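Student: pasting the structure only:
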């Protein structure tokens, strides 16, 4: 899929909460030996939100940072989309809160807005929608956020990696972009590797089934199809960012596709903070934009369970150096941390409730 | 001219057996009997939280009804901790203007029906700015704490120095039958009391207590209401020019004394609104009884003891006599009346002929001053 | 307790101020204040404009709240601070992302948007400004 006019990223921003819990501590809570899992996951610790944070507050700061780099008046934004699987409201888009908090669309509120849902690829498919709106000339700028406070079921294997964080992109005309999005395509199927029923708190998943038929099949299919369409091969790309549910899968899928680790590691953030779900691929892309020199080519392939993959061919322009330092970078947030134990983790994640009507004293 | 001609008080405690109107009636009847049982032309009720703590609005009608009185005008006057003073001033003005000959003023507060501490803290904090103080997490405790901390840093005062005031209050209340707490407080126990909002501790503030007090204001009586004034300022602490200067206290005290034709030298005792130890010190300084930053030292030295140079809160103040919020300034007036009439018993200040009563709403967003003379 | 749930219309009315730190600038006396009001609290003039206040400032004084009011009991201990923004405007705010014993007077802080209250599982979530230690100078 290619837009009718040049479209690209005008600004990018991320947010990761300060708090971390070590995998070892998670294992301890459930009487497990962390050593069994360590090598397979390559995630030593993950981020969790503070007690006053949620997907909206995360999305807000990521978007605020993206606007700092984009340097455009929020009044000019014509679309606001948030991709997440942990919306604060099942009905009421996080996008409406962002519009109000950032002053998007001006007094006339001239913006379209909604939340997208597709497991971990909700953010990238929102990106595709905005590329379409900008690329067709219907709007000039669009805001996309992928963010989550992922729900890890207590005692479940995914608890080690279900993390919190998000990234935002301001998409606009190619002439103003720090990175052009040349093309995108998706591969979507009915592959039920991981889902969450309407009223359930935590998702269900199928362990190994989420590997070959889901993650690897969809990413590889979308990646190959895009490279086919663009007539490119792994050698043409300087960076490859894949959806990162743990520290290992991106390296393995990269290897299968022919990408060496050096091209993948700059955009591999999960080993530091866990899997930010709808933030995953976009946080990885942001980490690459934090360092990539002008002229760099980036392949981004997300994956959302259920399942689907969105692939993007991105080329960095020389405008990027002017704005890189205007907002905090991924590593600024990664390095800001405070460790908590399982009790505080359970409290912050609202897994345990205080009974309201009693007195706490 | 208006005079106090009788007073009635209930003990301050958690009155599990008495409702809000029961308390008001008890104090009201005592005051009427004390003043000689004549009919009253109007009733003014002072109360702060009957709507939120008791679910009862139209309180003055309720109380008039429960007193068995018919066909009198009634008013509910609400200025948080200064409600009682505002009620006395309302009654005084009715008498001074000739609109009434005898007015019964009843202050009543009952918050013990709110059992959960979180709900009590919420109700007590409704006098803060709701939208930009309370709803973002502030409480009366946290506001007092900010002032306490600012005071400590500006004048180099330690936490322990704030304990002198509650210790003095407890000492005074030992002689007062209607007081809530009648035990001596040791400074070390003050220091060990838990933090409510650092550095403010449990013993820096009054406990919750129910109670009612009443006075009869008439054209004649033993004690004259010689001066009165209410001042107002910004409610939000963040808008005030100087956190440690209570302009409302300074202005209202000055005007009330001037109206009475007196100065501090001719005053026998002072009652202030010690809704926290820090605010007590600020009031002493704003009235002019201590230079800025010196109130703690003067308290420790005994200047404000009952047998000191200028007795302050001879009945134990809000901390030890107790603090039924909307009623507290009527307690001040009733106690002051008994002092000036020579009927204060063990807590009597010999030769007391005049006094200055100061009460606050919130953290001094308004302040009321009354000057009573024999 | 009826006061526990926030009033939706009231919250909605204040959302711009609470999300974007909108203050007032008096054209008569040139002072700024928070939040925006129709009448200048300093000189009484009604010639007041809305202004987006600076998002950075420093801590002037603070306290650590242990006795929370209903609705905030989930968050204790939390820090309430009197903050002076870069333009001299003062406001009261919670601090976040900081331990109580890390807070000091004159600490540089910046505005963030956080949850003030969740009001249980079914009612509206109240968001608004808080301040945290500056992330990056």
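Tutor: Arrived safely, thanks for sending. Since the structure is predicted, the reported quantities are computational estimates derived from the model, not experimental observations.
Student: Assign the residue of the stretch 51-200 of chain A found nearest chain B to one of the three secondary structure states.
Tutor: When distances are taken as C-beta to the nearest C-beta, the stretch 51-200 of chain A approaches chain B most closely through residue A:52, which lies 10.0 Å from it. Every C-beta, even on glycine, is put in place using the N, C-alpha and C of the backbone. At residue A:52, secondary structure determined by DSSP: H, G, I helix; E, B strand; the rest coil is coil.
Student: Now do the contacts for it.
Tutor: The neighbours of residue A:52, taking C-beta atoms under 8 Å, 6 or more residues apart in numbering or on different chains as the test, are C:75, C:96, C:114, C:115, C:116, C:130.
Student: Residue C:64: which of these is nearest?
Tutor: Using C-beta to C-beta, residue C:75 is the member of these that sits closest to residue C:64, with 11.6 Å.
Student: what about stretch B:245-257 and chain C, any contact?
Tutor: No: judged by C-beta under 8 Å from any C-beta of the partner chain, stretch B:245-257 stays clear of chain C, getting no closer than 13.3 Å.
Student: Need the nearest residue in space to residue A:352, chain neighbours excluded.
Tutor: Excluding its sequence neighbours, the residue lying closest to residue A:352 (C-beta to C-beta, 6 or more residues apart in numbering or on different chains) is residue A:346, at 4.9 Å.
Student: Look up the pLDDT of the residue of the stretch 51-200 of chain A closest to chain B for me, please.
Tutor: The confidence metric pLDDT takes the value 96 at residue A:52.
Student: for residue A:322, same thing?
Tutor: For residue A:322, the predicted pLDDT is 96.
Student: what's near enough to touch the residue nearest to it when sequence neighbours are not counted?
Tutor: Excluding the flanking residues, the one nearest residue A:322 by C-beta to C-beta, 6+ apart is residue A:178, at 8.0 Å. Residue A:178 makes contact with A:8-12, A:69, A:289, A:316-317, A:319-320, A:322-323 under the criterion C-beta under 8 Å, 6+ apart.
Student: pretty sure residue B:248 belongs to a strand, no?
Tutor: No: following the definition three-state DSSP, residue B:248 is helix and is not counted among the residues of a strand.
Student: Chain neighbours aside, what residue packs nearest to it?
Tutor: residue B:367 (3.6 Å).
Student: What count of nearby residues applies to that neighbour?
Tutor: Neighbourhood size, residue B:367 [other C-beta atoms under 10 Å in any protein chain shown]: 31.
Student: For chain B, spot the helix or strand the model is least confident about on average.
Tutor: When the helices and strands of chain B are scored by mean pLDDT, DSSP states H and E, helix B:117-124 comes last with a mean of 94.
Student: quick one: that one to chain centroid distance?
Tutor: Distance of helix B:117-124 from the chain centroid (C-alpha atoms, centre = their mean, to the nearest Å) equals 20 Å.
Student: ditto for stretch A:320-333
Tutor: 17 Å.
Student: How far does that stretch stretch from one end to the other?
Tutor: End-to-end distance for stretch A:320-333: 20 Å, by C-alpha to C-alpha, to the nearest Å.
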